[in-house]
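**Student:** Everything below, folded, please.
(one chain, ligands or ions: 1)
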Amino acid sequence: MFSFLSREPVHDPLVAPTPTADTTVKTTTCYMCACRCGIRVHLREGEKGPEVRYIDGNPNHPLNQGVICAKGSSGIMKQVSPARITQPLLRKAGSERGAGEFEPISWERAYGILTERLAKIRATDPKKFALFTGRDQMQALTGLFARQFGTPNYAAHGGFCSVNMAAGMIYTIGGSFWEFGGPDLERAKLFVMIGTAEDHHSNPMKIAISKFKRAGGRFISINPVRTGYSAIADEWIPIKPGTDGALFMALLHELIGNELVDHAFLKRFTNAPQLVVLDDCEREGLFAFDPERGPPGDGRNPHNKLVWDKASGSVKPAYPEGIADGCDPALEGHYTLADGTRVAPSFQLLRERVASCTPEWAQAITGIDAARIRKLAREMGETALKQAFELPIPWTDAWGKKHETTQARPVAFHAMRGLAAHSNGFQTVRALAVLMSVLGTIDAPGGFRHKAPYPRHIVPNYRAFNDPGMIQPNTPLNAAPLGFPASPDELAINPDGSPIRIDHAFSWEHPLSAHGLMHNVITNAVKGDPYRIDTLLIFMANMAWNSSMNTMAVREMLNRKDEKGEHMIPFLVVCDAFQSETVAFADLVLPDTTYLERHDVMGMLDRPISEFDGPVDSVRIPVVPPTGQCKPFQEVLIELASRLKFPAFTTPEGGRKYSGYPDFIVNFEPQPGIGFLMGWRGKDGTEHLRGAPNPKQWEAYEKNNCVFQYHMPETMHYMRNWNREYLDFAKDKGWRQRNDPVQLALYSDTLQSFRLAAQGKSPGRQPPDALRERIDTYFDPLPFWYPPLEEAATDLDAFPLNALTQRPMAMYHSWDSQNAWLRQIHSHNYLHVNPVTAQAAGIADGGWCWVESRWGKVRCMLRHSEAVEPGTVWTWNAIGKADGAWQLAPGADEARKGFLLNHLISEELPCAGTASGTISNSDPVTGQAGWYDVRVRIRPAEPGEPEESYPQMASMPAVPGVLGKAASVLTYFAGRARK
Ligand code: SF4
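**Tutor:** So this is what the prediction gives:
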């Protein structure tokens, strides 16, 4: 009877569950957060078919090895969420957007409305259709849809997530953290985590840290907040938000000043020894080259560069030949070429750059004691160099030199949004990548390791669409909407320099915005800057609430009309599985499925789940039928693409090419033999990585835990930027277009090419005058720290505190504050404030207070917390809700006590000279939303004020067909009728 109190486990998770007569077990992939763990879903036959009874981790899955978190096991409550939308809905004629008044319609009518409208736009001006998606995991399909439609106005959520992390790392080392690389904790001795909350890479990171700590590794967490990770670290070092770049510059100062750098690595594998032109000329700041050996590169292809050979005292060719035997390239000094050009190795310029970045300088910015910064540098340098070891793994480098062993550098880093979500994030991430590089930790045992298909070339061979003349009726774009610009010539601008995209991505405002700027779409579209659009299709993004900065203004803009009474955004389509705040603003609502009801692919064409030792892809396979009339968004896209007769979705005879999403996944090939999935290819399913389509590919994944893993030979496990065997292999498998090595860009001539344009020194495209200084300043080829842009626009005496939001461990985005089980962990949030700061403001623990920024104010409850540095206040993200949204009962904690920090954050900053007089509140290089830059002050609420959060919304009504029955969910038991 009391077996649950026994020391014996109730069940052994490693033993395969035995299905009972009325229970079946199916495997699929979790989507309660973005980590994509393997799960087993236990099903029981209910009144209307199979119902989910229990979810546990799949022990046979390479990613999580059976581990499951609170969110993952609560997927059952997402499945039966009262907020599920179950049928297509059309806004009632005459009702206001936001009022949430809808009539149910059939899918055929929904498709008819959409097809007619989209066909008209596509036949006239395709850019008037914009497709923006939130945290979806199928960007290869959504991007293809936009490209085939012929609109450049497409992006997923990366611009407000962590594009600074992706771009800052990829433009420096050819890879990035999380999906495409991470810390090798199996072999590291020191692990430094900075700016990371409980978000990306949750379970796998926790499994790795637990093993790392058991093996005696030292773990340091640097964060303004003592997060869950910081709590289990050996040391928590508090830091002021937005100042991480200053810390990295000071660490570089110490490491370089004390010669704690990997000289051999820098000379052979990075551009540290390559000579940079110092003269005031067209090529100032670019790499010198030998004209006899051909022209310099175009920023995308490798070109011949030069080094100064200390052995012979002469100039020698460097890249792409590599460094010749016997050549000892200088990392320091100033030299003069035969034609009189003054040059210096780029490392010399880095040394000069960090010379003034002393620990005392950084102490004043970061709040970290200078002595601690010195000690940290010493710990990093000595661990990397003096505790180094070699693995007996031979490998051959890109230039044919055989290495009998692989050099380990056992210092690993992990960083995420805490660095990225600032307007100085790109250069901060660059500084971190340079720091990792000088220690020689890139793709080295114990350091940072890539995951296939990375590393990519620097700059990756993916140009973003950039030719306004190619936006033509009924014509696909000649390039994907997103990519990685390598020079000003690749910007997506009109001949007059204005943006061609609605979000201004890849324009002079944000040239390297590899993930777009979703956070500016609504604002720009309403302003008509650079033009009005007709239809905005939003998938899985809560733009009327937590996915927007300046939430109240965005809600107003969604409902704003022109002088003719037409909405500024005439048609708004929202596809979501749940009745979010944004659904109320839609003209047309498309009910999506949950992750348990659909096919999905996490593959090499966009976001695989690769491991360090080889590529891994995975799928979701429906374990229960769709609820009501819900359809997977993937199916909706395939259907629309077929009806609109996109070339890639139409047979030569004009018929429909794919019967649906599963058929598309099996048979679509961007190149012969390469498809969305790499496992079990070939007609009989015996080929892997590359091969003809296999009609039974889905069945093969279903039999194999929904995952395919390929283990590369050990000789390809490390040093993949320069590993000849790996580079050839990766090209052969279609992961890279070329097999040339990826030299680390400590010094970025790509950035310098933009700077030269801004300075008017280079021929070709130049920025508008209003943006010249901005480009000149922020496109520095060497990393540097500058205060976040919002600080310049803010009276720091009036708003002395930094304010942050972070994702709670138990909830992912806004999805989970409707989850009946997870709501029992958090049903509302507090503002967490250091007691010293709170007491100085006269606010008691648990008291109500006002938080004010330059842009807005919120009223909320405050908790004293020692776990935050005194200059920072923080809260959980997206727990606060609009009343009635997500089918929460009227007056639910989430609406009355919960609050959203987004009300305090502006999506724009003033900017003289732009068409609108404003510019996105984003990183000037990448367009990453500067969420974490906001400055605030706090004061107590007045006695007698209502004890509820501010602002409050008018309650949202239930939409027709919403699943509802909130009360019975709490007593849900599969297999029984719900009352
Ligand atoms: S970390 Fe948790 S929620 Fe995220 S995928 Fe894994 S089990 Fe699911």
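
**Student:** Only C-alpha atoms from now on, for both contacts and neighbour counts.
**Tutor:** Fine.

**Student:** Isn't residue 948 up against residue 858?
**Tutor:** No. Contact criterion CA atoms under 8 Å: residue 948 and residue 858 do not qualify, at 10.3 Å.

**Student:** Flag every buried residue along stretch 210-223.
**Tutor:** Neighbour-count burial for stretch 210-223, with 16 or more other CA atoms under 10 Å as criterion, is recorded at 212-213, 217-223.

**Student:** For these, could you give me CSV that also reports pLDDT, distance to the ligand and secondary structure?
**Tutor:** Output for the buried residues of stretch 210-223, formatted as CSV (pLDDT from 0 to 100; distance: CA to the nearest ligand atom, whole Å; DSSP: H, G, I helix; E, B strand; the rest coil):
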residue, pLDDT, distance to the ligand, secondary structure
212, 98, 19, helix
213, 97, 20, helix
217, 98, 23, coil
218, 98, 24, strand
219, 98, 21, strand
220, 98, 22, strand
221, 97, 20, strand
222, 97, 22, strand
223, 97, 21, coil
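
**Student:** Not counting sequence-adjacent ones, nearest residue to residue 377?
**Tutor:** Among residues not flanking residue 377 along the chain, residue 251 sits closest, at 5.3 Å (CA to CA, 6 or more residues apart in numbering).

**Student:** pretty sure that neighbour is touching residue 374, no?
**Tutor:** Yes. Assessed by CA under 8 Å, residue 251 is found in contact with residue 374 at 7.3 Å.

**Student:** Which residue of the two possesses the greater neighbour count?
**Tutor:** Higher neighbour count among residue 251 and residue 374: residue 251, with 28 against 18, using other CA atoms under 10 Å.

**Student:** Show the model's pLDDT score for the more buried one.
**Tutor:** Looking at residue 251, its pLDDT is 98.

**Student:** burial measure for the residue in the stretch 301-450 of the chain positioned nearest to the ligand, as a count.
**Tutor:** Nearest residue of the stretch 301-450 of the chain to the ligand: residue 416, at 15.9 Å (CA to the nearest ligand atom). The tally of other residues near residue 416 (other CA under 10 Å) stands at 24.

**Student:** what sits against it?
**Tutor:** Residues near residue 416 by CA atoms under 8 Å, 6 or more residues apart in numbering: 162, 165, 177, 194-197, 200.

**Student:** Which members of those are positioned in helices?
**Tutor:** Of those, the ones assigned to helices by DSSP state H are residue 165.

**Student:** quick one on the thing from earlier: okay, and the common contacts of residue 251 and residue 374?
**Tutor:** By the contact definition CA under 8 Å, 6+ apart, residue 251 and residue 374 are jointly contacted by residue 359.

**Student:** hang on, the residue nearest to residue 377 is in a helix, isn't it?
**Tutor:** Yes. Counting by DSSP: H, G, I helix; E, B strand; the rest coil, residue 251 is part of a helix.

**Student:** rewinding a little: ok, so of the contacts of residue 416, who is nearest the ligand?
**Tutor:** Nearest to the ligand among the contacts of residue 416 is residue 200, at 8.5 Å by CA to the nearest ligand atom.

**Student:** For the stretch 451-600 of the chain, which segments count as helices?
**Tutor:** Taking DSSP state H, counting those that start in this stretch, the helices of the stretch 451-600 of the chain run over residues 521-527, 551-558.

**Student:** ok now the longest one, how far from the chain's centre?
**Tutor:** Relative to the centre of its chain, helix 551-558 is centred 24 Å away, using CA atoms, centre = their mean, to the nearest Å.

**Student:** Show me the contact partners of it.
**Tutor:** Identification of contacts with helix 551-558 by CA under 8 Å, 6+ apart yields 97-98, 522-523, 526, 543-545, 548, 567-569, 585, 902-903.

**Student:** Turn the helices of the stretch 451-600 of the chain into CSV, including mean neighbour count.
**Tutor:** Converted to CSV, the helices of the stretch 451-600 of the chain look like this (neighbours: other CA atoms under 10 Å):
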stretch, mean neighbour count
helix 521-527, 21
helix 551-558, 19
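
**Student:** Dump those into a markdown table; add mean pLDDT as well.
**Tutor:** Putting the helices of the stretch 451-600 of the chain into a markdown table (pLDDT from 0 to 100) gives the following:
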| stretch | mean pLDDT |
| --- | --- |
| helix 521-527 | 97 |
| helix 551-558 | 97 |
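
**Student:** Let me see the ranges of the strands in the stretch 251-400 of the chain.
**Tutor:** 275-277, 306-309, 314-317, 335-336, 342-345, 390-391, 395-396 (DSSP state E, counting those that start in this stretch).

**Student:** scratch that, the stretch 1-150 of the chain is what I was asking about
**Tutor:** So, for the stretch 1-150 of the chain - with DSSP E, counting those that start in this stretch - the strands run 23-29, 38-46, 49-57, 89-91, 102-104, 129-133.

**Student:** Tell me who's in contact with the residue nearest to the spatial centre of the chain.
**Tutor:** The chain has residue 162 as the residue nearest its centroid, 4.0 Å off, counting by CA atoms, centre = their mean. Contact analysis of residue 162 by CA under 8 Å, 6+ apart lists 416-417, 420-421, 928.

**Student:** Looking at neighbours, which among those is most surrounded?
**Tutor:** Highest neighbour count within those, by other CA under 10 Å: residue 928, with 36 neighbours.

**Student:** Not counting sequence-adjacent ones, nearest residue to residue 75?
**Tutor:** The nearest residue in space to residue 75 (CA to CA, 6+ apart) is residue 32, at 6.5 Å.

**Student:** Based on its surroundings, how many neighbours for the one you found?
**Tutor:** So residue 32, with other CA under 10 Å, has 24 neighbours.

**Student:** Ok, residue 856 next?
**Tutor:** By other CA under 10 Å, 16 other residues sit near residue 856.

**Student:** okay, the strand or helix carrying residue 636 in CSV with CA atoms only?
**Tutor:** Taking DSSP states H and E as the criterion, residue 636 maps to helix 633-643. This file holds the C-alpha atoms of helix 633-643, laid out as CSV (Å, rounded to 0.1, in the frame of the first residue of the first chain):
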residue,chain,number,x,y,z
PHE,A,633,1.0,23.8,-39.9
GLN,A,634,3.3,21.8,-42.0
GLU,A,635,0.3,20.2,-43.8
VAL,A,636,-1.2,23.6,-44.2
LEU,A,637,1.9,24.9,-45.9
ILE,A,638,2.1,21.9,-48.2
GLU,A,639,-1.6,22.3,-49.1
LEU,A,640,-1.2,26.1,-49.8
ALA,A,641,2.0,25.5,-51.8
SER,A,642,0.2,22.9,-53.9
ARG,A,643,-2.9,25.0,-54.4
